[in-house]
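Trainee: Predicted model and sequence below, questions to follow.
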Amino acid sequence: MIFTGNNPLYLLEEAQAYCMRDDWARAKAKATEAIRLKPDLTDAYMIRALALRLENNLDGSMEDYARVIEVDPQNAEAWMFRGACV
């Protein structure tokens, strides 16, 4: 697999790295780009939902958690964090 800026898995790795540095704006941007390229990439939605929640955008965060649940109904973290946004 080639890791470039057009690869959603590469973008996901970048998003995770930005999370480790508490750079939520960049993490959200990389996750959003990964989602654009691969709309069923639930890990990207989870990262973006976290970034949105930490920015106090609870509606946006809930939407992303709901998307994860739609794709993977057994994702306990998505259910838990979605509930925390209410």
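Mentor: Looks like it arrived, so ask away. Residues are numbered from 1 along each chain as shown.
Trainee: If we go by neighbour counts, what in stretch 78-86 is buried?
Mentor: 78, 81-82, 85 (16 or more other C-beta atoms under 10 Å). Using the backbone N, CA and C atoms, a C-beta is placed for each residue, glycine as well.
Trainee: Can you lay out these as CSV showing pLDDT, secondary structure and distance to residue 28?
Mentor: CSV is the format used below for the buried residues of stretch 78-86 (pLDDT from 0 to 100; DSSP: H, G, I helix; E, B strand; the rest coil; distance: C-beta to C-beta, whole Å):
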residue, pLDDT, secondary structure, distance to residue 28
78, 96, helix, 17
81, 92, helix, 15
82, 93, helix, 17
85, 85, coil, 16
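Trainee: Hmm, residue 65 and residue 81 touching each other?
Mentor: Yes: counting by C-beta atoms under 8 Å, residue 65 is a contact partner of residue 81 at 5.6 Å.
Trainee: Common neighbours of those two, please.
Mentor: 46, 49 (C-beta atoms under 8 Å, 6 or more residues apart in numbering).
Trainee: Could you list every helix and strand in contact with the helix or strand hosting residue 26?
Mentor: If you go by DSSP states H and E, residue 26 is part of helix 24-37. If contacts are counted by 3 or more C-beta pairs under 8 Å, 6 or more residues apart in numbering; DSSP states H and E, helix 24-37 sits against helix 8-20, helix 42-54.
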